[in-house]
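1. Structural data only, the sequence is not supplied:
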């Protein structure tokens, strides 16, 4: 599963800039829909396109791996049973 770290990126930007960063501000700056950003932020396993990822990386001045990470599925993480 891919997990977006949008919440963490918002907090880093808030700390660096010394001011609150809202979803509306990000939407305006990136041209992305607020609903898309809300889903990325709140919906586990949400999938999106490369253009959205690119826009967010440009906004946060970050690399893809700063914005998202791969987590193994629960089935993949379980040790195999030996017969």
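-> Sure, I can see it. Remember, predicted model here, so these are calculated numbers, not experimental data.

2. Please identify the buried residues of the helix or strand hosting residue 14?
-> Take DSSP states H and E as the rule and residue 14 turns out to sit in helix 6-17. Using 16 or more other CB atoms under 10 Å as the test for burial, helix 6-17 gives 6, 9-10, 13. C-betas here are computed from N, CA, C, even on glycine.

3. Helix or strand: which one has the residue nearest to residue 46 when sequence neighbours are not counted?
-> Distances taken as CB to CB, 6 or more residues apart in numbering place residue 39 nearest to residue 46, at 4.8 Å, with adjacent residues excluded. Assigned by DSSP H and E, residue 39 belongs to helix 34-42.

4. Next, the angle from the helix holding residue 14 to helix 34-42.
-> Angle of helix 6-17 versus helix 34-42, following axes from the mean of the first three to the mean of the last three CA atoms, to 10 degrees, is 100 degrees.

5. quick one: average pLDDT of helix 6-17?
-> For helix 6-17, mean pLDDT is 94.

6. What are the contacting residues of it?
-> By CB atoms under 8 Å, 6 or more residues apart in numbering, the residues outside helix 6-17 that reach it are 20-21, 26, 37, 40-41, 56, 60, 62, 66-67.

7. and stretch 58-70, how far apart are its ends?
-> End-to-end distance of stretch 58-70 (CA to CA, to the nearest Å): 20 Å.

8. Counting neighbours, which bits of it end up buried?
-> Buried-residue list, stretch 58-70, by 16+ other CB under 10 Å: 59-60, 67-68.

9. I'd like the distance from that stretch to the chain centre, please.
-> Relative to the chain's own centre, stretch 58-70 is displaced by 7 Å; criterion: CA atoms, centre = their mean, to the nearest Å.

10. for stretch 12-24, same thing?
-> 15 Å.

11. ditto for stretch 29-42
-> Distance of stretch 29-42 from the chain centroid (CA atoms, centre = their mean) equals 10 Å.

12. how about it: buried residues?
-> Per 16+ other CB under 10 Å, stretch 29-42 contains these buried residues: 30, 32, 36-37, 40.

13. now the contacts of helix 6-17 in a markdown table, with pLDDT, secondary structure and distance to residue 48?
-> Listed next are the contacts of helix 6-17 as a markdown table, based on pLDDT from 0 to 100; DSSP: H, G, I helix; E, B strand; the rest coil; distance: CB to CB, whole Å:
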| residue | pLDDT | secondary structure | distance to residue 48 |
| --- | --- | --- | --- |
| 20 | 93 | coil | 24 |
| 21 | 92 | coil | 19 |
| 26 | 97 | helix | 14 |
| 37 | 97 | helix | 10 |
| 40 | 94 | helix | 6 |
| 41 | 93 | helix | 11 |
| 56 | 97 | helix | 9 |
| 60 | 96 | helix | 15 |
| 62 | 96 | coil | 16 |
| 66 | 96 | helix | 16 |
| 67 | 95 | helix | 11 |
